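Engineer: I'd like to go over a predicted model; first the sequence, then the structure.
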Amino acid sequence: MTLPSAQPWRRLDASVLTRLEPDTAAIASAALDQVRAGLRTPLDHRTAANLQTTLDVALSAFFSEIGHPDVTTDREVYRAQGRAQHTAGRSLEEMLGFYQSAALGVWRQLTSAAPAVDLSTQAIVELGEALFAFIAELSAAAADGYAEARSQAARAGQARRDRLLGLLLTEPAAARDVLDDAASQAAWVPPDRLVIAVTSVDVAPRLLDRMPGRVLIGRHDDLTAVVMPADRLDWYLGRLRDLLGRDQAGVGPVVPLRSAALGARRASALWRLTRTGALGDSALVHTTDHRIDLLLTADPELAAEFAKDVLAPLAGLPEPARQRLTATLAAWLARPDQPQAIGVELHVHVQTVRYRIRQLRTLFGGTIDDPAGRFALATALRIDPHVSSLVSREPTKGSARDVHALRPDDR
């Protein structure tokens, strides 16, 4: 509640009203005329009636509170009007404009009798300040009601979109009529083809208000899913990239609507790979660019076991030596029997390369010269940066154990 010290009308001398002898009906009529004068189109009967009621209540409250700090009238009527304004699909600015125009009409009518009763300039100024401070308080109450209704509508709208997202990404796919009904309730037109990006659940508040309405955003498992129609994909992806900041998103392939769950599954798997740091720091990481990585890490536990077994000869080495020999092994597998080129790549002398290769042959035996062994080594080196941390990673912030639902209040 606003403190009395911030309500200058309560400090006015109540004798001002006695001298002005305000005619409430005339003042309300003048205020309504002032509102009408500022409009391009006439007020409809219902709106005019609502304004008349509000004016009557507001004038009664203003006059009863002047000079009476102990008198408090209810502001709920203005909050209710704010809620009704939102429900009717009309803007907050329109309603506040009505309030300001009405205040001007009240001021003009109220002070029209000031010269006749010899009211001082100072008293007129104080009365004006009090009136507009009073209107500002009523406007704030109306704005609170409007914001409350908007928040409730947003929560309901997001709940419908969350339900739609759940149906869209469920496996097996929901029946088309069920999906269409949910889409209709969520005011979303299902596209024929789409792309799903997946990112951290913490990113959702940044996206909910700033991505276009055709983009469906909600929680999927412990992540945020972003469903984008394929027809304007470049634009949607550009917008997503701008909003991600330093975060990353895994972007799935273009899929038919019925295969949305497949796109989400691949995007989720790729996003989790980005958490290892092995895929670079680009904001958008596409599954089409990392299908081999996805294939090799489809079973993370098996991949980690495979990499650990194949690269076991390096495991017991001190970390600096292990890193040097790992880099040399990768270069050797890419350029077999080319020690000069390997030396250039690693910025070491060719004799150093040859020495390291002898060490590798001691560790791995004939494996590095056997085609099947070389394939196993190359595969292990490819997947090791992903799975070594992926398998042992603790649940990230926003995991299924501690994440909250997406709520418009978070925005």
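Structural biologist: Yes, it's here.
Engineer: so what's the closest residue to Glu94 other than its chain neighbours up against?
Structural biologist: Distances taken as C-beta to C-beta, 6 or more residues apart in numbering place Gln85 nearest to Glu94, at 7.5 Å, with adjacent residues excluded. Yep, even glycine has a C-beta here, placed from its N, CA and C like the rest. Applying C-beta atoms under 8 Å, 6 or more residues apart in numbering to Gln85 gives the contacts 91-92, 94-95, 142, 145-146, 149.
Engineer: name the element Gln85 belongs to?
Structural biologist: Gln85 belongs to helix 76-87 when assigned by DSSP states H and E.
Engineer: Show me the contact partners of the helix or strand following that helix.
Structural biologist: Using DSSP H and E, the helix or strand that follows helix 76-87 in sequence is helix 92-111. Under the criterion C-beta under 8 Å, 6+ apart, residues 20, 22, 26-27, 30-35, 37-38, 51, 55, 58-59, 81-82, 85-86, 119, 124, 127-128, 131-132, 135, 138-139, 142-143, 146 lie in contact with helix 92-111.
Engineer: what inclination does the lengthiest helix in the chain have with respect to helix 76-87?
Structural biologist: Scanning the chain for the longest helix, with DSSP state H as the assignment, gives helix 121-169. Put simply, helix 121-169 runs at 40 degrees to helix 76-87, going by axes from the mean of the first three to the mean of the last three C-alpha atoms, to 10 degrees.
Engineer: Convert the C-alpha atoms of the next helix or strand after helix 121-169 to CSV, please.
Structural biologist: On the C-terminal side of helix 121-169, the closest following helix or strand by DSSP H and E is helix 176-185. Presented in CSV, the C-alpha positions along helix 176-185 are these (Å, rounded to 0.1, in the frame of the first residue of the first chain):
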residue,chain,number,x,y,z
ARG,A,176,-2.3,-36.7,-35.7
ASP,A,177,-5.8,-35.6,-34.5
VAL,A,178,-4.6,-35.4,-30.9
LEU,A,179,-1.6,-33.3,-32.0
ASP,A,180,-3.7,-31.0,-34.2
ASP,A,181,-6.2,-30.4,-31.3
ALA,A,182,-3.3,-29.5,-29.0
ALA,A,183,-1.8,-27.3,-31.6
SER,A,184,-5.1,-25.5,-32.1
GLN,A,185,-5.4,-24.9,-28.3
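Engineer: and helix 176-185, how far out from the chain's middle?
Structural biologist: Distance of helix 176-185 from the chain centroid (C-alpha atoms, centre = their mean, to the nearest Å) equals 24 Å.
Engineer: Let's verify the residue nearest to Pro229 when sequence neighbours are not counted: helix, strand, or coil?
Structural biologist: Nearest non-adjacent residue to Pro229, counting by C-beta to C-beta, 6+ apart: Pro191, 3.7 Å away. Secondary structure, DSSP: H, G, I helix; E, B strand; the rest coil: Pro191 is coil.
Engineer: what about the residue nearest to Glu94, distance to Gly145?
Structural biologist: 8 Å (C-beta to C-beta, to the nearest Å).
Engineer: hang on, the earlier thing: what angle sits between the longest helix of the chain and helix 176-185?
Structural biologist: Going by the same axes, to 10 degrees, helix 121-169 makes 170 degrees with helix 176-185.
Engineer: quick one: helix 121-169 to helix 92-111, angle?
Structural biologist: Using the same axes, to 10 degrees, helix 121-169 lies at 160 degrees relative to helix 92-111.
Engineer: counting contacts, what elements does helix 121-169 pack onto?
Structural biologist: helix 45-65, helix 76-87, helix 92-111, helix 176-185, strand 216-220, strand 223-229, helix 260-274 (3 or more C-beta pairs under 8 Å, 6 or more residues apart in numbering; DSSP states H and E).
Engineer: so of the ones you listed, which one's packed in deepest?
Structural biologist: Highest mean neighbour count of those: strand 223-229, a mean of 26 (counted as mean count of other C-beta atoms under 10 Å).
Engineer: could you give the mean pLDDT of that strand?
Structural biologist: Strand 223-229 carries an average pLDDT of 95.
Engineer: try stretch 160-173
Structural biologist: Stretch 160-173 shows an average pLDDT of 91 in the prediction.
Engineer: Could you check that stretch and say which residues are buried?
Structural biologist: Using 16 or more other C-beta atoms under 10 Å as the test for burial, stretch 160-173 gives 160-162, 164-165, 167-169, 173.
Engineer: ok, so of these, who is nearest Ile196?
Structural biologist: Leu169 (7.8 Å; C-beta to C-beta).
Engineer: need the contact list for that closest one.
Structural biologist: With C-beta under 8 Å, 6+ apart, Leu169 has these contacts: 196, 220, 225, 260-261, 264.
Engineer: where's the dip in pLDDT among the residues you listed?
Structural biologist: Pick the lowest pLDDT in the contacts of Leu169 and you get His220, at 87.
Engineer: Hmm, it is touching Ser268, no?
Structural biologist: Yes. If you go by C-beta atoms under 8 Å, His220 and Ser268 touch, sitting 7.3 Å apart.
Engineer: which neighbours do these two share?
Structural biologist: Jointly contacting His220 and Ser268 under the rule C-beta under 8 Å, 6+ apart are Val198.
Engineer: element containing Leu237?
Structural biologist: Leu237 belongs to helix 233-244, assigned by DSSP H and E.
Engineer: show me what contacts Leu243?
Structural biologist: Counting by C-beta under 8 Å, 6+ apart, Leu243 has contacts 203, 206-207, 210-211.
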